[in-house]
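Chemist: Fold the following for me, if possible:
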Amino acid sequence: MFNSEVYERAASWVAEAGELVKEFLGRELDVRAKLSHSDLVTVIDEQVERFLVEKIRVDYPEHRIIGEEKMDQRSSDSENIWIIDPVDGTTNLINRKRDFAISVAFVERSGGTFGIVNAVMNDEWFCAYRGEGAYLNGSRLERLPSGGRLKNELLAVTFPWNRIAETEDWAAYRQLIAAARGIRVYGASTIELCEMARGRLGAYVHHDIKAYDYAASRVVLEELGCRFADWSGRDIPWTYDGPVVAASPAVLPEIVSLLKQK
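Modeler: Next up, the predicted model:
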């Protein structure tokens, strides 16, 4: 589909990683808490990231790697960056055995070059290469509608559920949710963003996201006309961590306006 040696290698690695996940799911999982009982990591997260990092290090030793599990600790000032989430939606993997994904993005100085999202147990493969469109299981996805209003859209929202009572942002969230047609929560940023790519959701809001949670899906969505911004509506770099809004250029200003009303 794409004339890129780097992309083809990455795609083969992500496919292999998917098979590795299926193999591990047939065993008893070693589940550990990171920061809390709901912030979990498994041997699958660690082994998948280790597998991908080792592949990258063999073929592209000078490249920089950003991964959730921090399996690569080498410093690098390379402008070629791999952004990896070995399992986005670990709790879904543990409890539901589905609705999680492996995601890999490749970023160069000029921006995101390609993104791959392998929703392993959903049998869904989202990919995009800059300037070449976005695809689901080999079929080209349609661009997002250029118009639209928030009142007609389903919205994916992630906010600090464990701090709803005291968070100062709750009033803004209340207004945001009331302004949309409804909200959906999937428990995995990549899945939510890819639901936007296929036209099932109209926007995405996260109070504090990491680059590895959205980078691959961002390549897919930007090929479809989506815009990513912080809560002030400013463009964000590819390694940005923090509050994020993703929506069409028509809907995004509506969301930003509501989020500012805190």
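
Chemist: and residue 93, what does it touch?
Modeler: Residue 93 sits next to 21, 25, 42, 44, 87, 100 when contact means Cβ atoms under 8 Å, 6 or more residues apart in numbering. Just so you know, the C-beta spots here come from the backbone N, C-alpha and C atoms, and that holds for glycine as well.

Chemist: which SS class is it?
Modeler: helix (DSSP: H, G, I helix; E, B strand; the rest coil).

Chemist: Relative to residue 124, how far out is it?
Modeler: 15 Å (Cβ to Cβ, to the nearest Å).

Chemist: what's the answer for residue 176, then?
Modeler: According to Cβ to Cβ, residue 176 stands 28 Å off from residue 124.

Chemist: helix, strand or coil for residue 75?
Modeler: Under the three-state scheme (three-state DSSP), residue 75 adopts coil.

Chemist: Contacts only, for residue 217.
Modeler: 103, 115, 117, 126, 189-190, 193-194, 197.

Chemist: Show me which of these is closest to residue 9.
Modeler: Among these, residue 115 lies closest to residue 9 (Cβ to Cβ), at 14.7 Å.

Chemist: So which residues of the protein form strands?
Modeler: 31-36, 39-42, 64-67, 81-88, 101-108, 111-119, 124-129, 134-136, 139-140, 154-158, 182-184, 203-209, 227-229, 242-247 (DSSP state E).

Chemist: can you redo these as JSON lines with mean neighbour count, mean pLDDT and distance to residue 236?
Modeler: Shown next, in JSON lines, are these (neighbours: other Cβ atoms under 10 Å; pLDDT from 0 to 100; distance: least, Cβ to Cβ, whole Å):
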{"stretch": "strand 31-36", "mean neighbour count": "10", "mean pLDDT": "63", "distance to residue 236": "24"}
{"stretch": "strand 39-42", "mean neighbour count": "17", "mean pLDDT": "65", "distance to residue 236": "24"}
{"stretch": "strand 64-67", "mean neighbour count": "20", "mean pLDDT": "96", "distance to residue 236": "15"}
{"stretch": "strand 81-88", "mean neighbour count": "27", "mean pLDDT": "96", "distance to residue 236": "13"}
{"stretch": "strand 101-108", "mean neighbour count": "27", "mean pLDDT": "97", "distance to residue 236": "12"}
{"stretch": "strand 111-119", "mean neighbour count": "23", "mean pLDDT": "97", "distance to residue 236": "11"}
{"stretch": "strand 124-129", "mean neighbour count": "23", "mean pLDDT": "98", "distance to residue 236": "18"}
{"stretch": "strand 134-136", "mean neighbour count": "20", "mean pLDDT": "98", "distance to residue 236": "19"}
{"stretch": "strand 139-140", "mean neighbour count": "10", "mean pLDDT": "98", "distance to residue 236": "26"}
{"stretch": "strand 154-158", "mean neighbour count": "20", "mean pLDDT": "94", "distance to residue 236": "16"}
{"stretch": "strand 182-184", "mean neighbour count": "12", "mean pLDDT": "94", "distance to residue 236": "22"}
{"stretch": "strand 203-209", "mean neighbour count": "21", "mean pLDDT": "95", "distance to residue 236": "10"}
{"stretch": "strand 227-229", "mean neighbour count": "21", "mean pLDDT": "98", "distance to residue 236": "6"}
{"stretch": "strand 242-247", "mean neighbour count": "22", "mean pLDDT": "97", "distance to residue 236": "7"}
